[in-house]
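Visitor: Provided below are the primary sequence and the corresponding predicted coordinates.
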Amino acid sequence: MVGFQELFSEVALKRAAEGYEHVVALDLEGGKNIVVAADGQSEAKGPYVGFASRFPVVAQRAIDAFPADAANLQIEATEGGPLVTLPLTRFQRPVLEVKVLLRSDVTATIYVAHLKSKRSQLLPGENPKNPLHVARGNVRSLIVRAAESIALRKLVVEATENNDSPVIVLGDLNDDLPSVTTQTVAGEQPFRFWKQPQKVPVWDRLLYSVHDIQEAQSYRDVSYSHIYDGRYELLDHIFVSQEFYAQNPKRLATVVNTRIFNDHLVDERLAALVPQGLSNRSDHGIPVTEIEWRPAT
């Protein structure tokens, strides 16, 4: 299975995913992104996310609106003061939800997401050379990404709660693993002094980073997927639910290996010359994980 980011052409996606039996590039927002090319062929234009699989796809949808109870974030502007509502109700890039038949008795829910970037969201009249304007724009982007992470978390909770159906999140979440927004998507571990019955429903709704799983069993960490201004960051993530987590005695399968293909990324601050052919490739690394079915007992 492959999750795709920054797709601009359904035709290009299907060419890139040739050999996969199931390719998902949805008509988003009631056909607003469907265009007719010069040859008369209709296709979905982006940017948006996509999905390809050799496992059967049994359902698919693009989600642009936040779940009702994840929209319109409220905060106290001052302690004890009135609540202020931030009317954030939609993903800037719709999230793709795909139901995949991994085995005759196992259907997984896959989310492919691309959250708001860190690029400064400037307002008309603001100057990109003004440090205060840039700071404001950065915080606006963070607020949007945070709101999107809440909405994605809500989707994950709905898909994981009170069942044994696995969930996988594939996405450019545009923040590193320890960040508040990324951990919002994954969920918080239960308080360690809670009793076991209190912890079980929390574990049911958690996601686990395959990067963390790999780091716990290897001696070398080169898990970055993006380089900007000398910062090596892991922005592209794969999260799995407890059904694939090795410490879960009732797991269905186990994450056994994760790699990030990032040799094409160049830290231009340290490079006197960017090797020919690298500069026009993707500016993100590609995380790949292998999951192995647990032997039948």
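Guide: Sure thing, it's come through. These numbers come from a predicted model, not from an experiment. Numbering: from 1, shown residues only.

Visitor: and P201, what does it touch?
Guide: 161-162 (C-beta atoms under 8 Å, 6 or more residues apart in numbering). Where C-beta positions appear, they are placed from N, C-alpha and C, glycine not excepted.

Visitor: 10 Å - rerun?
Guide: 161-162, 190 (C-beta atoms under 10 Å, 6 or more residues apart in numbering).

Visitor: any low-confidence regions in this protein?
Guide: 27-30, 219-221, 270-281, 296-297 (pLDDT under 70).

Visitor: Nearest the middle, which residue of it would you pick?
Guide: In the chain, the residue lying closest to the centroid (C-alpha atoms, centre = their mean) is G171, at 2.3 Å.

Visitor: would D164 count as being in a strand?
Guide: No - counting by DSSP: H, G, I helix; E, B strand; the rest coil, D164 is located in no strand; its state is coil.

Visitor: and it, how many neighbours?
Guide: Neighbour count for D164, taken as other C-beta atoms under 10 Å: 14.

Visitor: same deal with A70?
Guide: The number of residues packed near A70 is 20, by other C-beta under 10 Å.

Visitor: surely it meets I150?
Guide: Yes - if you go by C-beta atoms under 10 Å, A70 and I150 touch, sitting 5.0 Å apart.

Visitor: How much space separates the residue nearest to the centre of the chain from A151?
Guide: 13 Å (C-beta to C-beta, to the nearest Å).

Visitor: again with E158
Guide: 11 Å.

Visitor: go on, K118?
Guide: From K118 over to A151 (counting by C-beta to C-beta), the distance is 18 Å.

Visitor: coming back round to it: most surrounded residue in the contacts of P201?
Guide: P190 (16 neighbours).

Visitor: between A70 and I150, what contacts are shared?
Guide: L88.

Visitor: I'd like the next helix or strand past the top strand by length along the chain.
Guide: Of all segments of type strand in the chain, defined using DSSP state E, the longest is strand 90-103. The helix or strand immediately downstream of strand 90-103 is strand 106-114, counting by DSSP states H and E.

Visitor: so how far is the helix or strand that comes right after that following strand off the chain centroid?
Guide: Proceeding N to C from strand 106-114, the next assigned helix or strand is helix 131-160, under DSSP H and E. In terms of C-alpha atoms, centre = their mean, to the nearest Å, the centre of helix 131-160 is set 12 Å apart from its chain centre.

Visitor: Can you list the buried residues in helix 131-160?
Guide: 133, 136-137, 141-157, 159-160 (16 or more other C-beta atoms under 10 Å).

Visitor: Equivalent analysis for stretch 187-206, please.
Guide: 187, 190, 203-206.

Visitor: Let's see which of those residues end up in helices.
Guide: The helices, defined by DSSP state H, take in 203-204 from these.

Visitor: Serialize the buried residues of stretch 187-206 to CSV and add fields for distance to W293.
Guide: Listed next are the buried residues of stretch 187-206 as CSV, based on distance: C-beta to C-beta, whole Å:
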residue, distance to W293
G187, 25
P190, 28
W203, 21
D204, 21
R205, 23
L206, 21
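
Visitor: what domains does the record give for this structure?
Guide: Listed domain ranges for the chain are 1-54, 56-293 (source: automatic domain parsing).

Visitor: Can you show me the helices along the stretch 151-297 of the chain?
Guide: 180-186, 196-204, 210-215 (DSSP state H, counting those that start in this stretch).

Visitor: packing partners for the shortest one?
Guide: Think helix 210-215. strand 236-241, strand 253-261, strand 286-293 (3 or more C-beta pairs under 10 Å, 6 or more residues apart in numbering; DSSP states H and E).

Visitor: between the ones you listed, which gets nearest to K199?
Guide: strand 236-241 (15.4 Å; C-beta to C-beta).

Visitor: Report the contact partners of H133.
Guide: Here H133 is in contact with 120, 122-123, 125-127 (C-beta under 10 Å, 6+ apart).

Visitor: returning to what we had before: for G230, state which of the buried residues of stretch 187-206 is nearest.
Guide: G187 (31.4 Å).

Visitor: Bridge partners for the closest residue to P82 other than its chain neighbours, pull those for me.
Guide: In this structure, P82 finds its nearest non-sequential neighbour in E76, 7.7 Å apart by C-beta to C-beta, 6 or more residues apart in numbering. Beta bridges link E76 to L83, judged by DSSP bridges.

Visitor: E76 touches T85, doesn't it?
Guide: No - E76 is beyond contact range of T85, at 11.3 Å (criterion: C-beta under 10 Å).
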